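Trainee: Quick one: sequence plus predicted model below, questions after.
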Number of protein chains: 2
Amino acid sequence: MDRLSRQLEFVREADRLKGVLRHTELTDPARRENSAEHSWHLALMALALGEYAPAGTDIGTVVQMVVLHDLVEIDAGDLSVHAPAAAQAHQHAAELAAADRLFALLPADQAAALRRLWDEFETRESREARFARALDRLLPILQDVRAGGAAWRRQGVTADQVLSKVTLIADGSAALGEFATGLVAQAVTDGILAPPAAGDPGPGR
Amino acid sequence: MDRLSRQLEFVREADRLKGVLRHTELTDPARRENSAEHSWHLALMALALGEYAPAGTDIGTVVQMVVLHDLVEIDAGDLSVHAPAAAQAHQHAAELAAADRLFALLPADQAAALRRLWDEFETRESREARFARALDRLLPILQDVRAGGAAWRRQGVTADQVLSKVTLIADGSAALGEFATGLVAQAVTDGILAPPAAGDPGPGR
């Protein structure tokens, strides 16, 4: 039973992801989203939008990847995608350390298999990982639009910053990238997302 | 783009599952769990405990099944597994109506495919469905033990009632059924779960 005990410890530890708050605002109930429910929403999104992945993408793998992708936030917390580069680098190091600790709760063979899946997502080295990352970028944009741009305003985010994240969506799915570009333009037109800041070098930086 | 619009409406509607409260208590943060984060936890549990499924079980399908399984609670709400039979029958009807409405948000081909997966889970007609149901029964027991039996006390639940649910765990996984039986006995020994009520006909009813 030692093997099962370790696996159950991993399952119990995972409970803590329900307490990690993201920067995304939910509208109903109106509160900040946690990373566990976000991960579920992404998995459902993979089932609904799988046909926009490149031919040959294994959607089952995408689902498993998004289930695992934020587990490291139990230790590292959530960082906004719009945080400065130095904070992103710090976050990356914290997430690697968290992955070392969390997957090691499992028996070694299983730890290695799930860690490989998490690494694949992080390094975007497969169609599955690039599509999973595209969904992870698209979902908060959908939610930010729905919440009337509250999270964007709170963080002082402008359209060029959001568009710079859309390149990663297009990299995982041409169709979803095109859709997201239109969504950002519409958000500016609707006045819920600030246009690019004057003198800003633009999305290409 | 009409197809994508329908798929996105499904994804947006799914957001509401984050507001459906379950009877399970979380310990950290101390609050009631919602059905979206529960569904994520089950998906992770399927990845961690997949080896206890009968040989040949497709864990990828199990993961997809548990991602979908509680979506109907958006309309039907969550009902305790310990609710009386009449309430369970009413809940079942409400969930069927919810499945009709929610899956129909999707394009017809996709609605049919995801509905088939949901029906399979409900009717327990495959190894995958029986294993998914076993996990769905085991996880709350783990959580109730961890929370010191608070949810059991609130609902006035006794050991025989919990054991009657363990049969469904054993049906999906012999090893996990055996483990759960031990867990319930230990909870009684530890004084966090009431022993069978005097004069009670027992778990076989």
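Mentor: On my side now, so go ahead.
Trainee: how about low-confidence regions in chain A?
Mentor: For chain A, applying pLDDT under 70 flags the ranges A:1, A:198-205.
Trainee: switch the cut-off to 90
Mentor: A:1, A:23-25, A:27-30, A:80-82, A:147, A:150-151, A:154-155, A:196-205 (pLDDT under 90).
Trainee: And the spatially most central residue of it, how far from chain B?
Mentor: For chain A, the residue sitting closest to the mean C-alpha position, by C-alpha atoms, centre = their mean, is A:Asp136 at 3.5 Å. Plainly put, A:Asp136 is 13 Å away from chain B if you go by C-beta to the nearest C-beta, to the nearest Å. Just so you know, the C-beta spots here come from the backbone N, C-alpha and C atoms, and that holds for glycine as well.
Trainee: Just the element for that residue, please.
Mentor: Assessed by DSSP states H and E, A:Asp136 sits inside helix A:127-146.
Trainee: ok, back up a step: does the residue nearest to the centre of chain A really touch A:Leu42, like I thought?
Mentor: Yes. Here A:Asp136 lies in contact with A:Leu42, judged by C-beta atoms under 8 Å, at a distance of 6.1 Å.
Trainee: Find residues that contact each of these two.
Mentor: Residues touching both A:Asp136 and A:Leu42 (C-beta atoms under 8 Å, 6 or more residues apart in numbering or on different chains) are A:Val66, A:His69.
Trainee: before we move on, the earlier item: could you point out which element follows the helix holding A:Asp136?
Mentor: As the chain continues past helix A:127-146, the following element, by DSSP H and E, is helix A:150-155.
Trainee: Pull out the buried residues from that following helix.
Mentor: A:Ala150, A:Ala151, A:Trp152 (16 or more other C-beta atoms under 10 Å in any protein chain shown).
Trainee: angle of the top strand by length along chain A against helix A:127-146?
Mentor: Ranked by residue count, the top strand of chain A under DSSP state E comes out as strand A:21-27. Put simply, strand A:21-27 runs at 50 degrees to helix A:127-146, going by axes from the mean of the first three to the mean of the last three C-alpha atoms, to 10 degrees.
Trainee: Give the buried residues for strand A:21-27.
Mentor: Buried-residue list, strand A:21-27, by 16+ other C-beta under 10 Å: A:Arg22, A:His23, A:Thr24, A:Glu25, A:Leu26.
Trainee: for it, packing partners?
Mentor: Contact partners of strand A:21-27 among helices and strands, from 3 or more C-beta pairs under 8 Å, 6 or more residues apart in numbering or on different chains; DSSP states H and E: strand A:30-34, helix A:35-49, helix A:127-146, helix A:150-155.
Trainee: Is the first one in proximity to chain B?
Mentor: Think strand A:30-34. Yes. Using C-beta under 8 Å from any C-beta of the partner chain, strand A:30-34 comes into contact with chain B via A:Glu33, A:Asn34.
Trainee: What pairs with that strand, parallel or antiparallel?
Mentor: strand A:21-27 (antiparallel) (DSSP bridges).
Trainee: Can you list the neighbours in contact with the partner strand?
Mentor: By C-beta under 8 Å, 6+ apart, strand A:21-27 touches A:31-35, A:38, A:78, A:80, A:140, A:143-144, A:146-147, A:150-151, A:154-155, B:15, B:18-19.
Trainee: cool, stretch A:140-148 as well?
Mentor: Here stretch A:140-148 has contacts from A:22-27, A:33, A:81, A:150-152, A:162, A:165-166, A:180, A:183-184, A:186-187, A:192-193, B:8, B:11-12, B:15, using C-beta under 8 Å, 6+ apart.
Trainee: ok, back up a step: deepest-packed of the helices and strands packed on strand A:21-27, please.
Mentor: Among the helices and strands packed on strand A:21-27, helix A:35-49 has the highest mean neighbour count (mean count of other C-beta atoms under 10 Å in any protein chain shown), at a mean of 26.
Trainee: Can you identify the element that follows that one toward the C-terminus?
Mentor: Downstream of helix A:35-49 (by DSSP H and E), the next one is helix A:59-68.
Trainee: Could I have the CA atoms of that following helix written out in CSV?
Mentor: In CSV, the C-alpha atoms belonging to helix A:59-68 read as follows (Å, rounded to 0.1, in the frame of the first residue of the first chain):
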residue,chain,number,x,y,z
ILE,A,59,-6.7,16.2,-27.7
GLY,A,60,-6.7,13.6,-24.9
THR,A,61,-3.1,14.6,-24.2
VAL,A,62,-4.0,18.3,-24.4
VAL,A,63,-6.7,17.7,-21.7
GLN,A,64,-4.2,15.9,-19.4
MET,A,65,-1.7,18.6,-19.9
VAL,A,66,-4.1,21.4,-18.9
VAL,A,67,-5.2,19.4,-15.9
LEU,A,68,-1.5,19.4,-14.7
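Trainee: Contacts for stretch A:2-20 next, please.
Mentor: In this structure, residues lying in contact with stretch A:2-20 by C-beta under 8 Å, 6+ apart are A:34-37, A:39, A:70-71, A:73-74, A:77-78, A:102, A:105-107, A:110, B:26-29, B:33, B:37, B:40-41, B:44-45, B:48-49, B:52, B:139, B:142-143, B:146, B:175, B:179.
Trainee: how about it as PDB, C-alpha atoms only?
Mentor: Output in PDB follows, covering the C-alpha atoms of stretch A:2-20 (Å, rounded to 0.1, in the frame of the first residue of the first chain):
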ATOM      1  CA  ASP A   2       3.000   2.400   0.100                       C
ATOM      2  CA  ARG A   3       2.500   3.200  -3.500                       C
ATOM      3  CA  LEU A   4      -1.100   4.100  -3.000                       C
ATOM      4  CA  SER A   5      -0.300   6.100   0.100                       C
ATOM      5  CA  ARG A   6       2.100   8.300  -2.000                       C
ATOM      6  CA  GLN A   7      -0.500   8.700  -4.800                       C
ATOM      7  CA  LEU A   8      -3.100   9.700  -2.200                       C
ATOM      8  CA  GLU A   9      -0.800  12.200  -0.700                       C
ATOM      9  CA  PHE A  10      -0.300  13.800  -4.100                       C
ATOM     10  CA  VAL A  11      -4.100  13.900  -4.600                       C
ATOM     11  CA  ARG A  12      -4.500  15.500  -1.100                       C
ATOM     12  CA  GLU A  13      -1.800  18.100  -1.700                       C
ATOM     13  CA  ALA A  14      -3.500  19.100  -5.000                       C
ATOM     14  CA  ASP A  15      -6.400  20.300  -3.000                       C
ATOM     15  CA  ARG A  16      -4.400  23.400  -2.200                       C
ATOM     16  CA  LEU A  17      -4.700  24.600  -5.800                       C
ATOM     17  CA  LYS A  18      -8.300  25.600  -5.000                       C
ATOM     18  CA  GLY A  19      -6.900  28.300  -2.800                       C
ATOM     19  CA  VAL A  20      -4.600  29.900  -5.400                       C
END
